[in-house]
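Undergrad: Return atomic coordinates for the entry below.
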Amino acid sequence: MAANNSVHLIGNLTRDPEVRVTPKGTSIVSYSLAVNRRWKDESGQVKEEVTFVECEHWGKGGEVFAKHHKKGDRAAIDGRLKMDQWEDKTTKEKKTRLKVVVEDFAFVNSRPAGGSAEDADTPRPARRPAPAPATAPGLEDDVPF
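TA: Numbers count the residues shown, from 1 in each chain. Okay, here's the model as predicted:
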């Protein structure tokens with residue numbers, strides 16, 4: 001079986017996108033996405049699990065994303081997993097962090113610039129429509145924001 005490194009997430013930004021620029025002029029946009037899972041346990045009680053995912057978006061696509069998204073906005077992203085590894089300068093301890101390098105995104109139920117809360121459910125043009133999330137019986141697609 002061939003290996004495939006592909007990630008598709010829909011969630012809410014936990015902070016405003018942070019834009020940095022490399023010495024050669026390439027933009028790097030960093031943000032965190034909260035995605036959650038809801039299910040019913042054996043007793044019928046609803047349980048929820050929230051996962052926070054660090055994301056990194058390079059180039060013009062990242063600039064467009066940062067321009068139109070802020071903390072709390074919903075977003076759909078496609079990308080790949082990447083493991084960062086480094087050594088802590090003070091403790092000399094080896095550190096690792098798994099993140100998503102974003103390659104594409106879609107606008108999902110975000111408030112248009114200058115729009116009102118009533119406009120929040122009006123779809124905005126997307127680069128590519130986000131596929132419907134796969135759900136199993138008992139799962140609900142809610143996010144905590």
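
Undergrad: What about residue 35, how many residues nearby?
TA: The number of residues packed near residue 35 is 17, by other C-beta atoms under 10 Å. Heads up, the C-betas are built off the backbone N, CA and C, glycines and all.

Undergrad: should've said residue 66
TA: Residues near residue 66, counting by other C-beta under 10 Å, number 18.

Undergrad: before we move on, what about residue 5?
TA: What residue 5 shows, counting by other C-beta under 10 Å, is a neighbour count of 9.

Undergrad: I'd say it and residue 83 touch.
TA: No: here residue 5 lies out of contact with residue 83, judged by C-beta atoms under 8 Å, at a distance of 10.8 Å.

Undergrad: Remind me what the helix or strand hosting residue 103 packs against, helices and strands.
TA: Element membership of residue 103, judged by DSSP states H and E, is strand 94-107. Contacts defined by 3 or more C-beta pairs under 8 Å, 6 or more residues apart in numbering; DSSP states H and E place strand 94-107 against strand 46-58, helix 59-68, strand 74-87.

Undergrad: in the shortest one, what's buried?
TA: Read that as helix 59-68. 61, 62, 63, 65, 66, 68 (16 or more other C-beta atoms under 10 Å).

Undergrad: before we move on, what about the first one?
TA: With burial defined by 16+ other C-beta under 10 Å, the residues of strand 46-58 counted as buried are 53, 55, 56, 57.

Undergrad: Let me see the contact set for the residue most central in space within the chain.
TA: In the chain, the residue lying closest to the centroid (C-alpha atoms, centre = their mean) is residue 33, at 3.8 Å. Residue 33 makes contact with 9, 11, 12, 13, 14, 52, 53, 55, 75, 77, 100, according to C-beta atoms under 8 Å, 6 or more residues apart in numbering.
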